[in-house]
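Trainee: The sequence and its predicted three-dimensional model are supplied below.
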Amino acid sequence: MRLPALSPRFAIATVILFAMVVTLISIGQTWWAVQQDRELSLKAEAHDGLVAVRLLDQLAIQELEAGEQRLDAIVSGAYAIKAGEESQKILQKLITQSLANNRAGGAFQLVRPDGTRWVSTADFPSYVFPREQRDYIAWLLANRQHKKLMLGKPLLRSIDSELVLPIARNLYDHGGNYLGLVSSDVNLANLNSPYSNVAKNSQAMVELFANAGYVVLRFPYDARAINRDLQSALDRDLHNGREEGILFGHALVGQNSNQMVVYRKSSHYPITTVVSRNMSTVLAAWERRTWDRVRFTVVLVLFQILLSFVILMQIRNMQRAQTRLKASERSLQQSEAKFVSLFQRSPVPLALISIQTDRMVEANGALLAQFGYTAEQFIGRTPQEIGIWANQDERAPYLALLTNQGFVDRYEVHLRCADNRVLTCLVSSRIIEAGGEMVSVFSPIDISHEREVEQEIRELNSELEQRVARRTVKLESALESVKNMQANLERMALTDELTGVPNRRHFLRQLEQEIARAKRYGRPLCVAMLDLDHFKLVNDRYGHSGGDEVLKHFSAFVRGQLRENDMLGRLGGEEFAVLLPETELNAAFFTLNRIVRELSNETVSQVATNFHYSFSCGLALFNLQYPDQAATTLLANADHALYQAKANGRNQVIVFEQPR
């Protein structure tokens, strides 16, 4: 049963509908790709912003931790004062000793309960500011029960124009009596370089806020922003209960344009780190890629329209050919002569092939012109003699279809022209009776151009897929680079650069973990504070390079004398600490005393011939009778014993004795 032929109008409508659908799909796919690219771009920028604020937050915490450690030593010393002792003189002596043993300690201000002040260095410029510029002093005196670290507003130090952040804590003696407060300044100069580098490299605004509502640092630097009251704005924008977050299309405090704001609130101190970038900068690369996609889609849509126009023209041509064929059929019914005339004039390539002899009976001008033959070269010969079939393997299936069903529609084959060109053709054939003989009407339509166009489309699609694959590989490589950078930054944040041993932050974290384990299992734990003797003289005589060689030699020597589970950490300058888990006090004393003796036999030839040096050590045991004892308290006990070792002549180990 033959299917009814589609009308030309239906075919034209189908082509137009197909072109519209393909155009809409192309536009929709482009829109979807643009949106996905935007989302991925924002995710990548947000991830980079989170890495930056986490690193900057850790740097700020490290500076504040160093300042807090200095105050904690004074707080621990105050706690050891008993009732009836002259607390103010003892505190002044503690501060003086702390400055003598720690060159990075800066200056301290001791404020008595009546508001009078004593400064460790009388001519220290930052303490000549009026008291109203240090409003935290009045607040702590009024809130004497407050035991946590208090941050003041930043001050510009007049001696070197450096920005400092005041910190302070209330003091209490052993009986809980209020002794006043002690304050010091944290130099913010160490944060300038990383903060300004992030701001410059990311084209961003980098800010450090105090949660109380004022600006501590801002890069690019803006002196007018320091100490500006932004409490209400911060409460609205950032103080939403989350530790860190990202805000898109946001207008931050004092800025007018939409921005991507990445922030992180410190879990240790009341500070918030913020990195903000204009959305136009964040999405600049995405906008360039979007325009490239739009241009490609426009070209593709125009090509689809052009292809549809060509197909419509072919349909119209086929419609005209069908009209002529119908006219030919009517003419054949009237007369054989008229049929021959119409056959010859048909624009569609046509030939008549005898079923019996397989020879060309007739061929019209369109076919002869298409293949470049003359009538004498074509008529009366078989296809094999002419050599029109470029591939004989295609002829056998064609003949089988024609024999079995009496017709062939749009069978794709490759036919050779007289000049050996090979054309891709759609062959249609019918078996009819003409003049009492069975012949097949052979009509090859040249579609070589259409196939070339299709091949070009396939090559364009393949090229597009390759470009997408290369882009994906680049994005994955960039992500791997960011992960490696983050791992290196984390390692640098935990290790002392000069000696290669754990730094203060890493050591304190490990000490807190060991204290928790000692509490849980009731196991012994010892901590020792080590300080090189007369190290300032080494720097003065041999320079800082000589001092660095001594520090590296000391670190390597002590680590070689300790067990695998023990830890040596550098707390700052020539001050080190040793963590001895699972160690009784006598065993720890024996180990450290042995290190003191054996170090005297060491010679540091990198510094000078026959150069020797020594160190003093204070040893403290974690007392399980006081399970609430903090890491800072244990370090303070060891530090107190270290002071005794220094006072007793150095080059020895002194054990801290718990007060009874």
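Mentor: Yep, that arrived. In this text the structure is predicted, and so the values were computed from the model without any measurement. Numbering: from 1, shown residues only.

Trainee: in terms of contact, does residue 636 touch residue 76 like I think?
Mentor: Yes: here residue 636 reaches residue 76: they are 3.4 Å apart, a contact under C-beta atoms under 8 Å. C-beta: built from backbone N, CA, C; applies to glycine.

Trainee: These two: who's more crowded?
Mentor: residue 636 (23 against 19; other C-beta atoms under 10 Å).

Trainee: buried set for stretch 210-218?
Mentor: Neighbour-count burial for stretch 210-218, with 16 or more other C-beta atoms under 10 Å as criterion, is recorded at 210-212, 214-218.

Trainee: what would those residues look like in JSON lines with secondary structure, distance to residue 629 and pLDDT?
Mentor: Formatted as JSON lines, these follow (DSSP: H, G, I helix; E, B strand; the rest coil; distance: C-beta to C-beta, whole Å; pLDDT from 0 to 100):
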{"residue": "210", "secondary structure": "strand", "distance to residue 629": "31", "pLDDT": "82"}
{"residue": "211", "secondary structure": "coil", "distance to residue 629": "29", "pLDDT": "76"}
{"residue": "212", "secondary structure": "coil", "distance to residue 629": "31", "pLDDT": "75"}
{"residue": "214", "secondary structure": "strand", "distance to residue 629": "35", "pLDDT": "78"}
{"residue": "215", "secondary structure": "strand", "distance to residue 629": "38", "pLDDT": "83"}
{"residue": "216", "secondary structure": "strand", "distance to residue 629": "32", "pLDDT": "83"}
{"residue": "217", "secondary structure": "strand", "distance to residue 629": "35", "pLDDT": "83"}
{"residue": "218", "secondary structure": "strand", "distance to residue 629": "40", "pLDDT": "83"}
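
Trainee: what would these look like in a markdown table with distance to residue 523?
Mentor: Formatted as a markdown table, those follow (distance: C-beta to C-beta, whole Å):
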| residue | distance to residue 523 |
| --- | --- |
| 210 | 41 |
| 211 | 39 |
| 212 | 42 |
| 214 | 46 |
| 215 | 47 |
| 216 | 42 |
| 217 | 43 |
| 218 | 48 |
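
Trainee: Out of those residues, flag the one nearest to residue 43.
Mentor: residue 218 (26.9 Å; C-beta to C-beta).

Trainee: Just grab the bridge partners of that closest one for me.
Mentor: residue 207 (DSSP bridges).

Trainee: so it sits right up against residue 209, yeah?
Mentor: No: assessed by C-beta under 8 Å, residue 218 is found out of contact with residue 209, at 9.2 Å.

Trainee: so which strand or helix has residue 324?
Mentor: Using DSSP states H and E, residue 324 maps to helix 284-334.

Trainee: any idea which helix or strand comes after the helix or strand containing residue 470?
Mentor: Residue 470 belongs to helix 448-494 when assigned by DSSP H and E. Using DSSP H and E, the next helix or strand after helix 448-494 towards the C-terminus is helix 504-521.

Trainee: packing partners for the very next helix or strand once past that next one?
Mentor: Per DSSP H and E, the first helix or strand lying C-terminal to helix 504-521 is strand 525-532. For strand 525-532, the elements it packs on are helix 504-521, helix 535-561, strand 575-581, helix 585-599, strand 615-621, helix 631-647, judged by 3 or more C-beta pairs under 8 Å, 6 or more residues apart in numbering; DSSP states H and E.

Trainee: quick one on the thing from earlier: average pLDDT for the helix holding residue 324?
Mentor: What helix 284-334 shows for mean pLDDT is 83.

Trainee: Next, the angle from that helix to helix 448-494.
Mentor: Calculated by axes from the mean of the first three to the mean of the last three C-alpha atoms, to 10 degrees, helix 284-334 forms an angle of 160 degrees with helix 448-494.

Trainee: Break down the stretch 151-300 of the chain into its helices, ranges please.
Mentor: Using DSSP state H, counting those that start in this stretch, the helices found in the stretch 151-300 of the chain span residues 189-202, 231-237, 279-282, 284-334.

Trainee: Can you tell me which of those is nearest to residue 144?
Mentor: Evaluated with C-beta to C-beta, the helices of the stretch 151-300 of the chain place helix 231-237 nearest to residue 144, the distance being 24.6 Å.

Trainee: I'd like the average pLDDT over that closest one.
Mentor: 53.

Trainee: State which strand of this structure is the longest.
Mentor: Of all segments of type strand in the chain, defined using DSSP state E, the longest is strand 422-434.

Trainee: And that strand, how far out from the chain middle?
Mentor: Strand 422-434 sits 64 Å away from the centroid of its parent chain (C-alpha atoms, centre = their mean, to the nearest Å).

Trainee: in that strand, what counts as buried?
Mentor: Buried residues in strand 422-434, counted by 16+ other C-beta under 10 Å: 423-429, 431, 434.

Trainee: strands paired with that strand, and their directions?
Mentor: Assessed with DSSP bridges, strand 422-434 is paired to strand 407-416 (antiparallel), strand 437-446 (antiparallel).

Trainee: Name the stretch among the ones you listed that sits most buried.
Mentor: Highest mean neighbour count among the strands paired with strand 422-434 (mean count of other C-beta atoms under 10 Å): strand 437-446, with a mean of 19.

Trainee: Please export the C-alpha coordinates of that strand as CSV.
Mentor: Output of strand 437-446 as CSV, limited to C-alpha atoms (Å, rounded to 0.1, in the frame of the first residue of the first chain):
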residue,chain,number,x,y,z
GLU,A,437,8.4,-2.9,-23.2
MET,A,438,9.0,-2.8,-19.5
VAL,A,439,11.4,0.1,-18.6
SER,A,440,12.6,1.8,-15.4
VAL,A,441,12.5,5.5,-15.1
PHE,A,442,15.9,6.5,-13.7
SER,A,443,16.0,10.0,-12.0
PRO,A,444,19.2,11.0,-10.1
ILE,A,445,18.9,14.3,-8.1
ASP,A,446,22.3,15.8,-7.2
